[in-house]
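>>> okay, structure incoming, though there's no sequence with it:
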């Protein structure tokens with residue numbers, strides 16, 4: 001990474017992370033989805049782990065991949081019964097060569113999958129993320 005752009009890169013990662021968190025909060029208003037790390041100050045700007053109590057998120061991952069080509073990340077390190085042996089966890093990365101349009105498209109795809117599979121979730125996730133990305137400078 002060029003030193004000249006290091007601050008801009010980290011700033012972009014932080015913005016994209018906040019956009020994902022806003023979407024997850026919206027999904028969680030009327031459903032089981034929530035960020036693994038509750039305190040935003042302690043969350044990573046590289047990837048967000050999303051928990052979905054008692055919901056099989058592997059079906060969402062398969063739907064996204066089969067219908068659209070998007071592959072949400074698997075939950076790593078959650079292979080215990082509490083998390084359905086890892087099935088109730090997925091990840092969204094928000095670093096590297098990613099920009100707001102790409103992220104908003106990924107969030108809209110996941111939102112579509114939640115709807116198609118009747119997985120309980122709150123409305124307005126993509127809009128919440130768009131409000132965050134609108135603050136880009």
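Structure received. On a predicted model such as this, the values are computed, not experimentally measured, just so you know.
>>> assign residue 102 to helix, strand or coil.
helix (DSSP: H, G, I helix; E, B strand; the rest coil).
>>> against which helices or strands is the host helix or strand of residue 15 packed?
Here residue 15, judged by DSSP states H and E, is contained in helix 6-28. Applying 3 or more Cβ pairs under 8 Å, 6 or more residues apart in numbering; DSSP states H and E, one finds that helix 6-28 contacts strand 33-35, strand 47-52, helix 100-116, helix 125-133. In this view, the C-beta of every residue, glycine as well, is placed from N, C-alpha and C.
>>> so where's the chain uncertain?
1-4, 79-86 (pLDDT under 70).
>>> residues contacting stretch 67-75, please?
47, 49, 51, 57, 60-61, 64-65, 83, 86, 88-93, 106, 109-110, 112-113, 116 (Cβ atoms under 8 Å, 6 or more residues apart in numbering).
>>> distance of residue 61 from residue 99?
Remark: distance between residue 61 and residue 99 (Cβ to Cβ, to the nearest Å) = 23 Å.
>>> who has more neighbours, those two?
Just comparing residue 61 and residue 99: by other Cβ atoms under 10 Å the higher neighbour count belongs to residue 61, 20 against 11.
>>> quick one: whatever helix or strand that one lives in to helix 100-116, angle?
Element membership for residue 61 (DSSP H and E) is helix 57-68. Relative orientation of helix 57-68 versus helix 100-116 (axes from the mean of the first three to the mean of the last three Cα atoms, to 10 degrees): 120 degrees.
>>> so what strands line up beside the next helix or strand after helix 57-68?
Sequence-wise, the next helix or strand downstream of helix 57-68 (DSSP H and E) is strand 73-74. Strand pairing for strand 73-74, determined by DSSP bridges: strand 89-93 (antiparallel).
>>> how far does the strand it pairs with sit from its chain's centre?
Mean-position distance between strand 89-93 and its chain equals 6 Å (Cα atoms, centre = their mean, to the nearest Å).
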